[in-house]
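# using only what follows, build the 3D model:
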Amino acid sequence: MRPSLTLLLAAMPLAAVTACGQPAQIYVEGAYVRLPAVAGRPGVAYFTVHGGKDAATLISVTSPRVIKSELHESMSDGGMASMAPIGEVPVPAKATLKFAPGGKHVMLFDINKSVQAGGKMTLVFTFSNNERIEVEAPVIAAGDAPPK
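Modelled structure (predicted):
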């Protein structure tokens, strides 16, 4: 066997072990956009964020198809439901954060009229560690069941 091939074969198990030990990256799954029931009102985005090896902070979720977006949280106090904007959301290392109805979500203001149920919309997630993740989220009508 040639020396270079011998070295390559000897290094392969080390490369396989190193690849398994790569740090986990933040990722987003299950994203979808629910259109408003009344035209002109905001829509909403839901999704799940999975933390990476290190803690980070979700700074924003934007889309080129909306004028403005805000991270929000729904809450209940004394039987009264309300929601309020939240500045940013910590994402602990290896944590799973669900943005779902009745909890954290993203309000989408002035959605472009070309966005229709059955289509897709790009969501851009920006984190404090300089990661940006683009997701193509299915779009559903106000009364539709969430996608599976």
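# pLDDT score assigned to the residue positioned nearest the centre of the chain?
Note on the chain: the residue nearest the mean C-alpha position is residue 28, at 4.1 Å, using C-alpha atoms, centre = their mean. Here, the pLDDT recorded for residue 28 equals 97.
# show me what contacts it?
Residue 28 sits next to 47-50, 123, 125, 133, 135 when contact means C-beta atoms under 8 Å, 6 or more residues apart in numbering. Just so you know, the C-beta spots here come from the backbone N, C-alpha and C atoms, and that holds for glycine as well.
# hmm, try it at 6 Å
Counting by C-beta atoms under 6 Å, 6 or more residues apart in numbering, residue 28 makes contact with 47, 49, 125, 133, 135.
# before we move on, what about residue 57?
Residue 57 neighbours (C-beta under 6 Å, 6+ apart): 88, 90, 128.
# again, 10 Å this time
Counting by C-beta atoms under 10 Å, 6 or more residues apart in numbering, residue 57 makes contact with 87-91, 126-129.
# kindly report the same for residue 74.
Residue 74 neighbours (C-beta under 10 Å, 6+ apart): 81-84, 100-105.
# what ranges do the strands span in this protein?
Under the criterion DSSP state E, the chain contains strands at 27-34, 43-50, 56-62, 66-77, 80-85, 89-91, 96-99, 104-111, 120-127, 132-140.
# CA atoms only: put the third one into CSV for me.
In this case it means strand 56-62. Extracted in CSV, the C-alpha atoms of strand 56-62 (Å, rounded to 0.1, in the frame of the first residue of the first chain):
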residue,chain,number,x,y,z
ALA,A,56,-28.1,31.9,22.6
THR,A,57,-30.9,34.4,22.4
LEU,A,58,-33.6,34.6,19.7
ILE,A,59,-33.5,38.3,18.7
SER,A,60,-36.0,38.4,15.9
VAL,A,61,-38.2,36.5,13.4
THR,A,62,-38.8,38.5,10.3
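# what angle separates that strand from strand 27-34?
30 degrees (axes from the mean of the first three to the mean of the last three C-alpha atoms, to 10 degrees).
# output the below-cut-off pLDDT ranges for the chain.
Along the chain, segments meeting pLDDT under 70 span 1-23.
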